[in-house]
Structure formats: C-alpha cells, structure tokens
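Participant: sequence? don't have it. structure:
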C-alpha cells in the first residue's frame with residue numbers, strides 16, 4: 001500500500017505511522033480477499049521490540065464500527081469453517097467445538113460459532129470462578145493479566161475427538177495457538193484443528209514452524225482467514241518508533257494534550273458517580289449465559305435470538321425518539337452480548353447511527369490525526385475486582401476532539417463489573433464526552449452446582465484415603481547434607497536413576513509440548529572458581545540482610561499464623577529458607593519447629609501423598625508453606641489451586657522475598673541477591689529439583705529427587721545457613737521494629753510482578769509468560785538450567801547482579817540495561833527454541 005493513499009475517500013488509518021516510519025502492509029495476493037488496509041490500521045505503543053501495532057478495523061475492540069460489519073466478519077469466517085468441515089464428510093461440523101481467546105477474540109469466536117451453526121462455543125478467561133474446575137490453560141503475550149483459563153460448565157466439552165476450532169483476531173507468530181494445542185492435545189488428543197483469524201501475518205519461518213508442529217503432533221491443522229500478508233519494516237524502524245513515542249507521549253500523570261496527542265483523559269468523579277447515568281432494565285432471560293466463559297450451546301443461541309428484539313426494544317425505549325449517534329460499549333471479555341444488542345438496535349432503526357466497541361486492558365498511544373488508528377483514549381481504573389489486582393483500563397476512539405462524538409453511550413457490563421468503581425471510573429470518564437450515558441447490566445452467569453452425589457459412607461479422613469507407600473521422611477546424612485533435625489524430605493530417592501538431559505534437549509522438548517520440565521533434570525551446573533568467589537562475596541555482603549528477612553518472616557508467622565507452626569518448604573528453593581526459619585525460632589524463642597520439604601510442580605500441582613502424610617501426623621491448620629521468593633507468582637497460584645481439594649490447609653505461602661507482591665507474609669519485598677539462588681544443589685543440601693514422571697511415581701508414591709553425594713566437596717549448604725544464622729543477634733532489634741510496622745500495615749498483594757511479566761512478554765514478542773522469569777533468583781535459574789535468550793537488567797544495578805553478568809558472559813547471553821524495570825533483573829528464556837533456532841530479534845541462540 002502506498003503511503004498516504006486514501007480508501008473510499010477517507011485517509012487510511014495507518015498513514016500517520018507509514019509516513020513517519022516507512023511501514024507498509026503487503027497483501028498475500030488471494031484473489032477474493034479484502035485488502036489488508038481495509039482491515040487494519042496502525043498505531044504505536046511503548047515497546048522495545050516492535051514499534052508498530054496492527055489495529056483491526058472490524059473487530060469491535062479499539063475502533064467503533066457498525067455492529068453489522070463486526071458480526072458479518074466473524075460470521076463469514078464461521079461459514080468458511082463449515083464448508084471446510086463439510087468437505088470432510090457428514091457429521092464433522094456437528095462434532096466441532098469453537099474456542100475463542102480472551103480478551104480480544106471472545107466476541108469474534110462467538111460470531112464464528114454462529115456462522116458454523118452447529119458447534120458449542122467456549123472462550124478462555126482471566127477471571128477465576130469459584131467452584132468451576134479448569135479444563136486447561138495456557139499463556140499468551142497479549143494477556144494483560146492472569147493466565148488464560150478454560151472453565152467449561154460441562155467438563156466433557158473439550159474431551160471429544162471432533163475438530164477443535166481456535167479463534168483469534170490476528171495470527172502473527174502462532175505461539176499462542178501452539179501453546180493451546182499442546183496443552184489440550186496432551187489432555188484430549190484429536191486429529192483435526194482449525195485455526196481462524198481475521199488476518200494471517202506470519203513470517204515464512206513461523207508458517208514452517210506450524211507445519212512442523214502439526215507433523216510432530218500427528219494432527220491436521222488448517223487455517224481460515226479473511227486475508228493474509230506481511231508487514232514490511234525498513235531498517236531502523238524500531239529506533240524511529242521509540243523516538244516517536246517519546247515525542248508524542250505525555251509524561252505519566254499529565255492529561256493535557258501535547259502537539260496533537262491525546263495521551264488519555266483519566267476518569268474521576270465523586271463517590272456517588274456521574275449524575276447523567278440512566279440504568280436500563282434489560283430483563284435478561286433467566287439462566288441464559290452472558291457469553292462463552294462457561295460454554296454457549298446452539299440451544300443458548302436460539303434463546304438469545306428469540307430474546308434480542310425485546311432486549312433491544314428496552315434500550316430503544318430508554319434512548320428516546322431522537323438519540324442521535326449511539327455507541328454501544330462492551331467491557332473487556334464481555335463482547336458478544338453487547339455486540340448482539342448493538343446489532344439488534346441497529347437493525348431496528350431506533351437510532352440514526354449505531355456503533356460498537358469495547359474497553360480493553362491494552363495500553364496504546366493516542367494521536368489525534370485522521371491517519372492514525374487510535375485518535376483518543378479514556379483511562380479509568382478496573383472495576384471488576386480482577387484476580388491480578390487493580391490496574392488501568394482503556395476505551396479508545398469513544399470521543400472526538402472535533403466535537404463530532406457520540407450523542408449517547410450505552411455501557412454494557414455484567415453484574416461482576418457493576419461496582420462503585422464502575423460509576424466513579426468508566427462512567428465518570430464517559431460523562432463529559434457524550435450527551436447521555438446509559439448503563440445496561442447483564443447477569444454474570446454462574447454454572448449450576450454439581451448434582452449432589454448419591455448417599456455414601458461417612459467421609460474418610462484425609463490421612464486415611466490413600467496412605468503413601470513411604471511412611472517416613474528421608475533425612476540427612478543418608479539423603480541430603482543437612483542435619484537430620486533440620487528437614488525431613490517427603491520424597492523418593494531417585495539417586496540411582498538416570499534423569500539428566502542436556503539443557504538444549506530439555507528446552508526443545510518442553511517448548512514443543514512433548515515433555516514437562518519436571519520429567520527430567522538439567523545437568524547440574526559446576527561453578528567456576530570465579531563464580532564461587534562471587535558467591536562467597538555475595539554471602540558475606542548480604543548475610544545480615546538475609547538474616548533480617550528471615551527474622552521478619554518468622555516473627556510474622558509466629559504472630560499471625562500459629563505459635564507452633566509446622567514449616568513445609570517447597571523443595572528445593574524454599575528449603576534453605578525453611579531451615580533458617582527453624583533456626584531463628586530456636587535461637588530467639590527456644591522453639592523446635594518441625595520442618596519438611598515437599599514437591600510442587602507448575603501445571604501438575606502439589607504432591608497429594610505428601611499432604612496426606614502431613615495431615616496424618618500434624619494438624620493441617622498448623623502447616624505453613626515456605627518458599628524462597630516470588631517471581632511472577634505462578635507457584636503461589638499453583639499452591640492455592642492445589643490446596644482447594646484439601647480442606648484444612650492454609651494456602652497462603654510465606655516467602656523470604658516478595659518482589660512480585662504476590663503474598664501477604666514475607667521478609668522483604670526488595671528484589672536483591674539471595675546467595676542461595678546463585679547455586680543449585682550445592683546450597684540446597686545436595687538435592688536436585690523434584691521429579692514427577694508416571695513411570696517412576698505411582699498413585700501412592702511421593703514425588704522424587706536425587707541426592708548428589710558426589711558433589712560433597714563443593715557443598716556449601718550448611719555453611720550458608722550457619723553464616724546467616726550467625727547474624728541473627730545483630731539484626732534482632734531491627735526485626736522487632738519492622739515486624740511491628742508490618743503487622744499494622746496493609747500487605748494486600750498487588751500482583752504488580754505478574755502485570756510486569758505480561759508487559760515484558762508482549763513487548764519482547766515472546767508470547768508465553770512462562771518464558772519470562774523475573775527477579776534475581778529466577779534469572780539465575782534461567783542461566784543455570786534453561787536456554788537463556790537475554791537478560792534485562794535495571795539500569796545502574798550494582799553488585800547484586802555480578803553473578804548474573806558472569807553467568808551471562810559464560811553462556812554468551814546479552815545483558816540489556818533498561819529503565820522502569822520493577823525488578824533488579826529479568827531472565828528471558830529463548831522464545832522459539834529448537835537447536836539452531838533464532839529468537840524474535842533474528843539472532844541465533846548462543847550457548848557455551
């Protein structure tokens with residue numbers, strides 16, 4: 001497309017970016033496909049890896065559009081899928097299930113399911129729902145909050161063997177689709193997957209990767225899109241784009257336009273909210289889901305179709321005889337129901353003009369120019385009590401600086417989002433920019449409780465349900481170099497089993513979906529003399545700091561959780577902390593606290609047999625789970641979900657350091673070097689990380705680990721504990737003062753670390769938050785165990801990162817200093833690793 005070219009007598013909404021950066025869209029050449037410039041505009045956002053952003057003109061997310069156009073785009077894709085499946089023979093379409101991605105494609109996926117006609121629909125969600133067991137989950141770069149959850153009301157919805165149709169707005173690299181298929185195929189293999197998107201913008205390498213993935217899976221993967229093509233980026237476009245963002249972006253907190261920029265008008269109103277809001281009583285049909293979060297069947301679709309004329313009629317009545325230009329504004333994942341209301345309103349002729357768009361989590365630069373896709377932006381706080389904590393939300397292009405905005409905005413939310421924050425946030429932000437604000441609230445669908453089970457004998461106590469084969473914990477010196485009283489390991493001894501694999505082979509298998517990280521072990525890193533010196537220097541410099549954090553977390557536990565807690569550390573990073581907490585309790589209070597180490601595995605949960613053993617020997621209410629630090633909080637979430645099946649245990653984990661703000665009980669929230677993170681087994685009792693593999697761990701077995709007796713000469717586990725414990729007396733006074741302050745403080749987790757990880761995942765084109773490891777401890781693990789791609793370091797970080805810089809140099813990994821990093825450093829695992837692969841920046845992976 002030529003820069004500055006007009007489309008249908010209007011300026012293309014990518015012209016502003018194209019003129020300044022030289023970016024162009026090149027069509028794929030399909031004869032009947034719409035032109036890319038009719039489907040996409042361009043915008044900018046602060047992003048160190050990709051300056052431009054593709055903005056869909058027909059999605060109904062960032063750009064208000066005729067509801068007919070939005071619905072027709074998805075419906076046409078569904079019709080094409082129906083034709084594809086019908087060609088496979090009778091019954092294929094009826095056996096299909098459609099899965100859409102939150103938040104952007106929840107409505108699009110619904111429309112595809114409508115076009116397909118026969119298939120039930122489910123979309124992923126970032127909203128955990130009590131009582132609904134996840135049927136799967138995955139990560140993606142565009143997630144601006146928690147991981148994607150799959151929460152079907154019918155647990156069999158995704159268990160069939162028919163075609164699975166996956167719907168996203170844009171197919172850019174394919175990583176999200178690969179993550180999803182890998183997760184679901186491992187649970188319920190099927191022979192045919194269909195990937196649906198408005199546009200396919202993959203590179204040739206990404207196309208080849210999907211082909212190879214399908215071949216390795218032994219499944220057929222088809223692709224259905226409206227158009228395809230590529231984005232052409234000239235040399236130096238990244239630097240130019242970053243300079244433009246700096247030039248046009250107003251400093252944080254400034255709401256006045258600079259040049260022709262609209263940085264964002266921030267909502268705010270008195271506690272009772274804006275006066276101009278009128279509630280519309282929709283009388284939504286009882287029991288009809290508000291969307292596909294828990295599944296939306298053809299029968300649900302029929303009920304909605306029958307109800308839509310009356311629902312739209314109630315909105316029309318509230319609008320009055322001359323409503324002017326009307327915007328129906330959906331809310332994040334709630335896209336389909338507002339879209340159908342808008343479409344029915346448009347078809348009724350009740351308003352001169354009806355447009356549709358939705359709010360979003362995604363921050364984008366706004367520039368008030370007709371050749372730019374995001375001209376204005378409203379900023380307001382989240383109002384639906386999100387699981388990942390408070391944060392800003394955005395509505396784009398809902399008002400005009402030229403005065404040609406909407407006469408009425410109909411905001412549509414579900415009851416979960418109908419909160420006081422809605423009135424003082426979004427509704428207050430809308431009020432100055434439109435004549436009237438109407439609010440329509442749809443009941444949040446709650447799945448029916450599971451049927452009551454048939455009468456059964458009295459419940460079997462937890463410890464009697466399935467007694468583990470191993471009845472006593474392993475202890476040193478037979479297993480680990482710790483003293484026997486320091487810790488008991490609720491594990492099997494796999495010391496004689498060959499479990500190690502080269503790091504590159506493990507990474508390739510993990511990312512390809514063919515293996516889980518807990519099924520093998522990395523080759524144990526042997527530190528060089530220089531690295532060992534760094535460790536000793538770090539320990540000497542930080543021993544008092546660690547002692548203070550140990551004292552703070554231990555005293556907080558004793559004050560708030562139990563005067564006689566049972567410490568249960570998560571092996572193995574939590575185990576040195578558990579040993580130190582036990583030492584503090586003995587030194588300061590004369591307490592001899594029990595301490596055990598158990599296994600927890602991301603994606604697989606905690607060792608259930610270890611929990612049964614603990615319940616048989618201790619009161620579950622006294623159990624306190626201990627870990628070393630939080631990164632983005634994945635294990636924190638994993639523990640909470642796992643313990644939901646084991647009543648009596650407190651799921652709140654306690655940690656030495658909580659830089660991710662994921663837990664309420666911690667020693668510090670600073671991100672600093674904990675020397676025990678510098679090494680592997682040689683600072684953790686010579687124990688490997690834990691292993692969970694079906695051929696080694698039976699239904700009544702503990703998980704396992706190895707005892708590396710042969711590394712005894714390099715072991716510093718006991719020395720680490722002794723060195724820190726020797727500083728207990730000198731920090732005792734400071735600990736007392738700090739604990740007093742903490743006990744009176746609001747320590748509610750903000751989950752800011754998780755939000756930062758998702759931003760980094762998006763900005764660096766990684767497309768999987770599991771490959772972003774924040775904090776000094778997690779970064780060290782990346783360099784020791786995984787295939788690192790690059791390290792992000794807080795500009796000016798000092799000695800806390802000396803060991804990271806040394807490890808990075810040894811492995812040939814670049815260290816990139818950045819501003820505004822909430823952690824001291826972040827480790828990025830190679831995002832597309834196969835041996836000989838290249839990363840998102842086109843550079844080959846380096847490993848020494």
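Facilitator: That came through fine. Predicted model, so just to flag it, every value in this text is computed and none were measured.
Participant: OK, contacts around residue 731?
Facilitator: Neighbouring residues of residue 731 by C-beta atoms under 8 Å, 6 or more residues apart in numbering: 544, 547-548, 551. All C-beta spots, glycine's among them, are computed from the backbone N, C-alpha and C.
Participant: Which of those residues sits closest to residue 753?
Facilitator: Closest approach to residue 753 among the contacts of residue 731 (C-beta to C-beta): residue 548, at 21.6 Å.
Participant: Next up, the contacts around that closest one.
Facilitator: Residue 548 touches 667-668, 731, 734-735, 738, counting by C-beta under 8 Å, 6+ apart.
Participant: Helices - which of those residues land there?
Facilitator: Residues of these located in helices (DSSP state H): 731, 734-735, 738.
Participant: Just the buried ones among those residues, please.
Facilitator: Buried by 16 or more other C-beta atoms under 10 Å: 731, 735, 738, out of the ones in helices among the contacts of residue 548.
Participant: Who's the closest spatial neighbour of the first one, skipping the chain neighbours?
Facilitator: The shortest distance from residue 731 to any residue other than its chain neighbours is 4.3 Å, reached at residue 548 (C-beta to C-beta, 6 or more residues apart in numbering).
Participant: May I see the buried residues of the helix or strand hosting that neighbour?
Facilitator: For residue 548, the host element (DSSP states H and E) is helix 529-560. Neighbour-count burial for helix 529-560, counted by 16+ other C-beta under 10 Å, picks out 531-532, 534-535, 538-539, 542-558.
Participant: quick one on the thing from earlier: which among the ones in helices among the contacts of residue 548 gets closest to residue 241?
Facilitator: residue 738 (44.7 Å).
Participant: contacting residues for residue 96?
Facilitator: 81, 85, 116, 118-119, 162-165, 194.
Participant: likewise residue 82?
Facilitator: Contacts of residue 82 by C-beta under 8 Å, 6+ apart are 93, 115-118.
Participant: try 10 Å
Facilitator: 92-93, 96, 112, 115-119, 165 (C-beta atoms under 10 Å, 6 or more residues apart in numbering).
Participant: sec struct for it, please.
Facilitator: Classification of residue 82 by DSSP: H, G, I helix; E, B strand; the rest coil places it in helix.
Participant: what's the distance between it and residue 186?
Facilitator: From residue 82 across to residue 186, the span is 28 Å (C-beta to C-beta, to the nearest Å).
Participant: cool, and residue 440?
Facilitator: Applying C-beta to C-beta to residue 440 and residue 186 gives a distance of 41 Å.
Participant: out of these two, which sits in the busier spot?
Facilitator: residue 440 (22 against 13; other C-beta atoms under 10 Å).
Participant: For that one, pull up the helix or strand it's in.
Facilitator: Using DSSP H and E, residue 440 falls in strand 436-442.
Participant: mind checking how far that strand is from the chain centre?
Facilitator: 30 Å (C-alpha atoms, centre = their mean, to the nearest Å).
Participant: tell me the pLDDT at residue 15?
Facilitator: pLDDT for residue 15: 95.
Participant: Remind me what the strand holding residue 440 packs against, helices and strands.
Facilitator: With contacts taken as 3 or more C-beta pairs under 10 Å, 6 or more residues apart in numbering; DSSP states H and E, strand 436-442 sits against strand 277-280, helix 298-319, strand 325-331, helix 336-348, strand 408-414, helix 428-430.
Participant: And these: which comes nearest residue 70?
Facilitator: Counting by C-beta to C-beta, residue 70 lies closest to helix 336-348 out of the helices and strands packed on strand 436-442; the figure is 6.0 Å.
Participant: which is the next helix or strand following that closest one?
Facilitator: That would be, after helix 336-348 and using DSSP H and E, strand 353-359.
Participant: The following helix or strand past that following strand to strand 353-359, inter-axis angle?
Facilitator: Following strand 353-359 in sequence order, the next helix or strand is strand 377-381 (DSSP H and E). Relative orientation of strand 377-381 and strand 353-359, computed by axes from the mean of the first three to the mean of the last three C-alpha atoms, to 10 degrees: 50 degrees.
Participant: Looking at the protein, name the residue that lies furthest from the middle.
Facilitator: residue 321 (45.2 Å; C-alpha atoms, centre = their mean).
Participant: about what we covered before: so can I have CSV of the buried ones among the ones in helices among the contacts of residue 548 showing distance to residue 706 and pLDDT?
Facilitator: Formatted as CSV, these follow (distance: C-beta to C-beta, whole Å; pLDDT from 0 to 100):
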residue, distance to residue 706, pLDDT
731, 35, 96
735, 36, 95
738, 38, 94
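Participant: in the longest strand along the chain, what counts as buried?
Facilitator: Among the segments of the chain that qualify as a strand by DSSP state E, the longest is strand 220-232. The neighbour-count check on strand 220-232 (16+ other C-beta under 10 Å) flags 221-231 as buried.
Participant: pretty sure residue 361 is touching residue 381, no?
Facilitator: No: judged on C-beta atoms under 10 Å, residue 361 makes no contact with residue 381 at a distance of 11.8 Å.
Participant: So for those two, which sits in the more crowded spot?
Facilitator: Shown here are residue 361 and residue 381; by other C-beta under 10 Å, residue 361 has more neighbours (23 against 17).
Participant: measure that one to residue 631 for me?
Facilitator: 21 Å.
Participant: same deal with residue 339?
Facilitator: 38 Å.
Participant: what about residue 358, how many residues close to it?
Facilitator: 26.
Participant: give me every residue that touches the closest residue to it other than its chain neighbours.
Facilitator: Nearest non-adjacent residue to residue 358, counting by C-beta to C-beta, 6+ apart: residue 330, 3.6 Å away. Going by C-beta under 10 Å, 6+ apart, residue 330 touches 60-61, 106-107, 291, 336-339, 341-342, 356-360, 410-413.
Participant: Are any of the residues you listed buried, and if so which?
Facilitator: 60-61, 106-107, 291, 336-339, 341-342, 356-360, 410-413.
Participant: so how far is stretch 549-563 from its chain's centroid?
Facilitator: 31 Å.
Participant: what do you get for stretch 327-343?
Facilitator: Stretch 327-343 sits 24 Å away from the centroid of its parent chain (C-alpha atoms, centre = their mean).
Participant: now swap in stretch 352-371 and tell me
Facilitator: On C-alpha atoms, centre = their mean, the centre of stretch 352-371 falls 24 Å from that of its chain.
Participant: what's the answer for stretch 333-349, then?
Facilitator: Its chain's average C-alpha position is 29 Å from that of stretch 333-349, according to C-alpha atoms, centre = their mean.
Participant: Rounded mean pLDDT for that stretch, please.
Facilitator: 96.
Participant: What's the mean pLDDT across stretch 413-420?
Facilitator: Here the average pLDDT along stretch 413-420 is 92.
Participant: Going by neighbour count, list what's buried in that stretch.
Facilitator: Going by neighbour count (16+ other C-beta under 10 Å), the buried part of stretch 413-420 is 413-414, 416-418.
Participant: does residue 32 sit in a helix, a strand or a coil?
Facilitator: Criterion first, three-state DSSP; result for residue 32: coil.
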